[in-house]
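Visitor: no FASTA, just this:
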DNA sequence: GGTTCCATGACAGTTGTGTGACAAATCAGG
DNA sequence: CCTGATTTGTCACACAACTGTCATGGAACC
């Protein structure tokens, strides 16, 4: 279910929004200050954030800027002020949309849907990826194959995580080099070598890989 | 430079929008009907589309639906009607934002920026194209025929993707040479050869193709 | 019936990939 | 701080797969 965090200091408005959102099928919860909003979103990230601009203490603009430092969640500003200057400032700060109170819940809901449709399907750091008989858990830092712990090196582990986060999708050598090694340039054969080593450890028959497959001319892909 | 396509039948409004957008640093151009808008966007894709809802002939909703079939460009509706029903319908049809006329150009510009910011996170055009019993998935880098995996080479894959992205439309050998191989010049027979090889793999009866058909003197087309 | 356009098989050259060897870098433990 | 073990990145080679060219024959058009 889609979770929405509402940050609004006016108790009545906040409650009304929460009820309406639940009516629309969201899991909604709210806080009254930006400070609480930051804390809450870090502890238990929602899929969307609705925020008022005029808040006691830290205001909405500052909240957006702070949240944006490490969160890419779609943010919608819900404000009473219909003022171009505010709208521009909020969007510049990192908000994705701006609606003016009073807002029709159907419209708000449609805007949230449009945002999620457009937004990155943020792979919330899950505890583990399961690919066939393979289990990769970034948290625990371990790889299991049919329940058996497989010793992999750090680089192999990162590479496997990257592939596991995009199961079924091809990743080019360049993308892997970029994401695993942070190299913008460099010899792509490096990837081959590590893929080869990884295969020795996680494949039944490394010469005929079933999970970590090559797509000639495209890159590598992890599949079930 | 960021290009913006404006679809608006009122000459004065369209002109005013175009001028204001250019003032903001965009390359802006406009058309008066949805039909022209589709054509224009296909021939020379803009980075953003602004569209009015009330248009002569095909209306804005239908325009959005049609464009969305093969284009993921951010679409902003610019309408005189401030009506929840319209807003929801437009967003559901595939629009990304909805602003009400008269619109402050600074706000519009900020909304366009916000959309592009979110839009370019991942270049994930479409997860897969389905053409009859054929399924082409650029992401997974695979082609399936009635669910069965079909092994294709890189060039064949790119060629098929290009054709699949424009189902039902003829692509000339030159266009294909340009888009698949990046050749501005070269022997067009090359395309024939690869089309032939592709047919061997994806057609029931390669000599009488049902999907990858030849249009004598024009080029090739992929159809259902 | 002539002409243009297209399909296809063969083939040689090119490209892409897997792998073993090796040296440099890093790490762990005393 | 030293030492041995592990990990990492580079290289070269071999092999398989792919690509582009060409020639031939056939189909469609006028």
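Guide: All right, it came through fine. What you see is a predicted model; the values in this text were computed from it and never measured.

Visitor: for whichever residue of chain A sits closest to DNA strand D, which non-adjacent residue is closest in space?
Guide: Of all residues in chain A, the one sitting closest to DNA strand D is residue A:153 (2.9 Å; C-beta to the nearest atom of the strand). Using the backbone N, CA and C atoms, a C-beta is placed for each residue, glycine as well. Using C-beta to C-beta, 6 or more residues apart in numbering or on different chains and skipping residues adjacent in sequence, the residue nearest residue A:153 is residue A:197, 8.0 Å away.

Visitor: DNA strand C contacts on chain A?
Guide: By C-beta under 7 Å from any atom of the strand, the residues of chain A that approach DNA strand C are A:173, A:189, A:192-193, A:195-196, A:199, A:206-207, A:214-219.

Visitor: tell me if the helix or strand of chain A with the lowest mean pLDDT is near chain B.
Guide: Using mean pLDDT, DSSP states H and E, strand A:129-131 stands out as the lowest-scoring helix or strand of chain A, at a mean of 82. No: Strand A:129-131 does not reach chain B (C-beta under 8 Å from any C-beta of the partner chain); its nearest approach is 13.8 Å.

Visitor: residue A:41 against residue A:73, yeah?
Guide: Yes: using C-beta atoms under 8 Å, residue A:41 makes contact with residue A:73 at a distance of 7.1 Å.

Visitor: who touches both of those two?
Guide: Residues touching both residue A:41 and residue A:73 (C-beta atoms under 8 Å, 6 or more residues apart in numbering or on different chains): A:49, A:67.

Visitor: show me which residues of chain A sit near chain B.
Guide: So chain A meets chain B at A:72, A:74, A:84, A:87-88, A:91-92, A:95-97, A:104, A:106-107, A:109-111, A:113-115, A:118-120, A:168-170, A:215-219, A:221 (C-beta under 8 Å from any C-beta).

Visitor: show the buried residues in these.
Guide: Taking 16 or more other C-beta atoms under 10 Å in any protein chain shown as the criterion, what is buried in those is A:74, A:87-88, A:91, A:95-97, A:107, A:109-111, A:113-115, A:118-119, A:169-170, A:215, A:218-219, A:221.

Visitor: let's see which of those end up in strands.
Guide: When DSSP state E is applied, those are split such that A:97, A:215, A:219, A:221 fall in strands.

Visitor: spatially nearest residue to the second one (excluding sequence neighbours)?
Guide: By that I understand residue A:215. Closest to residue A:215 by C-beta to C-beta, 6+ apart is residue B:141, at 4.5 Å.

Visitor: please apply the same query to the last one.
Guide: Taking C-beta to C-beta, 6+ apart, and ignoring the residues beside it in sequence, residue A:221 has residue A:170 as its nearest neighbour in space, at 4.7 Å.

Visitor: show me the contacts for the one you found.
Guide: A:215, A:218-221, B:139-141 are the contacts of residue A:170 under C-beta under 8 Å, 6+ apart.

Visitor: and it, how far from residue A:158?
Guide: To residue A:158, residue A:170 is 18 Å away according to C-beta to C-beta, to the nearest Å.

Visitor: how about residue A:18?
Guide: 41 Å.

Visitor: isn't the residue nearest to residue A:215 right up against residue A:221?
Guide: Yes: using C-beta under 8 Å as the test, residue B:141 is close enough to residue A:221 to be in contact (6.4 Å).

Visitor: up against DNA strand D, what does chain A have?
Guide: So chain A meets DNA strand D at A:151, A:153-156, A:181, A:186-187, A:189-190, A:193-194, A:197, A:216-217 (C-beta under 7 Å from any atom of the strand).

Visitor: buried subset of those, written for PyMOL?
Guide: Entered in PyMOL, the line below selects the buried ones among the residues of chain A next to DNA strand D, by 16+ other C-beta under 10 Å:
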select buried, chain A and resi 156+190+194+197
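
Visitor: and which of the residues of chain A next to DNA strand D is nearest to chain B?
Guide: Chain B lies nearest to residue A:217 out of the residues of chain A next to DNA strand D, by C-beta to the nearest C-beta, at 3.0 Å.

Visitor: so that closest one touches residue B:156, yeah?
Guide: No: with contact defined as C-beta under 8 Å, residue A:217 does not reach residue B:156; the gap is 10.1 Å.

Visitor: name the helix or strand for residue A:5, please.
Guide: strand A:3-7 (DSSP states H and E).

Visitor: and residue A:49, by the same measure?
Guide: strand A:48-51.

Visitor: which residues in chain A form strands?
Guide: So, for chain A - with DSSP E - the strands run A:3-7, A:27-31, A:48-51, A:75-79, A:97-100, A:129-131, A:134-137, A:142-145, A:148-150, A:212-215, A:219-222.

Visitor: any idea which of those strands is most buried?
Guide: Counting by mean count of other C-beta atoms under 10 Å in any protein chain shown, strand A:48-51 has the highest mean neighbour count of these, with a mean of 25.

Visitor: pull the contacting residues for the residue of chain A found nearest DNA strand C.
Guide: Nearest residue of chain A to DNA strand C (C-beta to the nearest atom of the strand) works out as residue A:214 at 3.6 Å. By C-beta under 8 Å, 6+ apart, residue A:214 lies in contact with A:195, A:220.

Visitor: equivalent analysis for the one 10 residues further on, please.
Guide: For residue A:224, the residues meeting the contact criterion (C-beta under 8 Å, 6+ apart) are A:131-132, A:167-168, A:211.

Visitor: could you dump these to JSON lines with distance to residue A:27?
Guide: As requested, the contacts of residue A:224 are exported to JSON lines (distance: C-beta to C-beta, whole Å):
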{"residue": "A:131", "distance to residue A:27": "29"}
{"residue": "A:132", "distance to residue A:27": "32"}
{"residue": "A:167", "distance to residue A:27": "26"}
{"residue": "A:168", "distance to residue A:27": "28"}
{"residue": "A:211", "distance to residue A:27": "35"}
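
Visitor: which of the residues you listed has the weakest pLDDT?
Guide: Of all those, residue A:132 carries the smallest pLDDT score, 80.
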